[in-house]
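J.: sequence? don't have it. structure:
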């Protein structure tokens, strides 16, 4: 998996303060067969997770042990290592784990090797999960994973700037309406232009090294999907993709409201720019809101708002992980019980370093508490009608790395022909999808 992964799970978990590297495997999970109850032995489960993802499940696992007596052992691997372990063991059937945490973009690739979890998705369960996550959990109409946590980009903005009386008066005089966190593309353009100050401050950032933000704007423009439609047809050159690319790239090319170097800017770079006080707004993953360093010049001065909206309103690209049970495990019942328990006790995940969950009710429990001001904007963004998952194709990461990011980077040049870039991208995606 490329370091340019749209959701940059490795970076995302690193930003939280969780260790980005872990022991290759715990003693329990290093072998070739799953641990079991044995004859008269204690029950045990091995859970395969991305390094850092363990934090989301630790309290849940401890509670599961208290309830069932089953010992839960985590096998932690870095992102690439996790994908490779999954690929090798699920294809061979020689397992070192009973439950696996899967990145959403892997579900399609591994769907044939994991057990259906459809019986867990009751009407009540589905009602308490964000619609995009319910859609994404299904491959071929079968539920193959239970979401354990999710994320989305929201809007971070400098309250000290937006609430300054002098700034408010100057903005209203120039634009004819009150200065407030933008909700539309036009308002975002105005605010970004207004706060761009002679190289000292940029209104926002433009991230050329990651594709997710542009794709969120594609959904805001009303596209039925990103890159591919529900039937697998390539739609990357449709009107909405073009409108979104024009809006996104023009921030850099025409309005010049972003710092230099947009073609190479990734999540970590954009986060650093905002935390250093060099941008007035950033569209960023919600989990980072409470993680602004105390020594940052903007600490305590940042507000959170829903992701901005286009013709179709607010929309984002969710970033969930799912728990799945391999078909080859000898602990299928206990593993499925753990997955259900993780859903039932999902709010425990919020009391972790990453601070995210998957259930609406879990976020709602904390939304009014100090320090969780980002949860209401996250709820609104994830609940938005236009919010949709990425396409269910095993080629997604290849499409991202070889087509989407290069296309986006080429668009961040003054005079770029956006329509021609998307036409060329369509041909490349079609050749990959064949």
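T.: Done, it's in. Nothing here was measured: the structure is a model prediction, and the numbers come from that model.

J.: Other residues contacting stretch 125-139?
T.: With contact meaning CB atoms under 8 Å, 6 or more residues apart in numbering, stretch 125-139 is reached by 104, 107-108, 111, 117, 121, 143-147, 150, 318, 320, 322, 343, 358-361, 382-383, 387-390, 392. For every residue, glycine as well, the C-beta is placed using N, CA and C.

J.: So for that stretch, what gets flagged as buried?
T.: 125, 128-134, 136-139 (16 or more other CB atoms under 10 Å).

J.: Helices - which of those residues land there?
T.: Mapping the buried residues of stretch 125-139 onto helices (DSSP state H) picks out 125, 131-134, 136.

J.: quick one: average pLDDT of the helix or strand in which residue 187 is found?
T.: In the assignment (DSSP states H and E), residue 187 maps to helix 185-194. For helix 185-194, mean pLDDT rounds to 98.

J.: hmm, back to that, quick one: buried ones out of the contacts of stretch 125-139?
T.: Buried, going by 16+ other CB under 10 Å: 104, 107-108, 111, 117, 121, 143-147, 150, 318, 320, 322, 343, 358-360, 382, 387-390, 392, out of the contacts of stretch 125-139.

J.: My read is that residue 343 contacts residue 146, right?
T.: Yes. Taking contacts as CB atoms under 8 Å, residue 343 lies within contact range of residue 146: 5.5 Å.

J.: tell me, what's touching those two both at once?
T.: The contact sets of residue 343 and residue 146 overlap at residue 120 (CB under 8 Å, 6+ apart).

J.: coming back round to it: need the ones in helices among the buried residues of stretch 125-139 in JSON lines with distance to residue 267 and pLDDT, can you?
T.: Output for those, formatted as JSON lines (distance: CB to CB, whole Å; pLDDT from 0 to 100):
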{"residue": "125", "distance to residue 267": "31", "pLDDT": "98"}
{"residue": "131", "distance to residue 267": "25", "pLDDT": "97"}
{"residue": "132", "distance to residue 267": "20", "pLDDT": "97"}
{"residue": "133", "distance to residue 267": "21", "pLDDT": "98"}
{"residue": "134", "distance to residue 267": "26", "pLDDT": "98"}
{"residue": "136", "distance to residue 267": "21", "pLDDT": "97"}
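
J.: my guess is residue 210 contacts residue 268, does it?
T.: No. If you go by CB under 8 Å, residue 210 and residue 268 don't touch, sitting 10.0 Å apart.

J.: When the two are compared, which one has more neighbours?
T.: Per other CB atoms under 10 Å, whichever of residue 210 and residue 268 has more neighbours is residue 210, with 23 against 14.

J.: coming back round to it: for residue 184, state which of the buried residues of stretch 125-139 is nearest.
T.: residue 132 (21.6 Å; CB to CB).

J.: Quick check: the gap between the closest one and residue 104.
T.: 10 Å (CB to CB, to the nearest Å).

J.: quick one: common contacting residues for those two?
T.: What both residue 132 and residue 104 touch, as defined by CB under 8 Å, 6+ apart, is the set 318, 389.

J.: Next one, pLDDT for residue 18 please.
T.: 31.

J.: One more: residue 433?
T.: On the pLDDT scale, residue 433 is placed at 73.

J.: That one against residue 229, yeah?
T.: No. Counting by CB under 8 Å, residue 433 stays clear of residue 229, with 11.8 Å between them.

J.: Phi, psi for the closest residue to residue 433 other than its chain neighbours please.
T.: Excluding the flanking residues, the one nearest residue 433 by CB to CB, 6 or more residues apart in numbering is residue 395, at 6.2 Å. Main-chain torsions, residue 395, degrees, to the nearest 10: phi -90, psi 0.

J.: and if you look at residue 121?
T.: Backbone dihedrals for residue 121, given as degrees, to the nearest 10, come out at phi -90, psi 70.

J.: for residue 183, what are its contacts?
T.: Counting by CB under 8 Å, 6+ apart, residue 183 makes contact with 305-306, 308-309, 314.

J.: Farthest-apart pair in those, please.
T.: 305 and 309, at 10.9 Å, using CB to CB across the contacts of residue 183.

J.: For the chain, which segments are assigned as strands?
T.: 44-50, 71-77, 99-103, 138-139, 142-143, 146-149, 153-158, 281-285, 302-305, 309-310, 313-314, 321-324 (DSSP state E).

J.: and the second one, which residues are buried?
T.: The one in question is strand 71-77. Quick answer for strand 71-77 (16+ other CB under 10 Å): 72-77.

J.: Note down every partner strand of that strand and its orientation.
T.: strand 44-50 (parallel) (DSSP bridges).

J.: for the last one, same thing?
T.: Within its sheet, strand 321-324 is paired with strand 99-103 (antiparallel), strand 146-149 (antiparallel), according to DSSP bridges.

J.: Spatially central residue for this protein, please.
T.: residue 319 (2.3 Å; CA atoms, centre = their mean).

J.: My guess is it contacts residue 154. True?
T.: No. Assessed by CB under 8 Å, residue 319 is found out of contact with residue 154, at 11.9 Å.

J.: Tell me how many other residues crowd the nearest residue to residue 374 once chain neighbours are set aside.
T.: Nearest residue to residue 374 in three dimensions, chain neighbours excluded: residue 289, at 3.7 Å (CB to CB, 6+ apart). Neighbour count of residue 289, defined by other CB under 10 Å: 21.

J.: Over to residue 260?
T.: 11.

J.: what's the answer for the one 4 residues further on, then?
T.: Applying the criterion other CB under 10 Å, we find 12 residues in the vicinity of residue 264.

J.: Roughly how far does it sit from residue 396?
T.: Counting by CB to CB, the gap from residue 264 to residue 396 is 22 Å.

J.: Can you list the residue ranges for helices in the stretch 301-434 of the chain?
T.: Here the stretch 301-434 of the chain has its helices, by DSSP state H, counting those that start in this stretch, at 332-344, 360-366, 375-383, 396-399, 405-411, 418-433.
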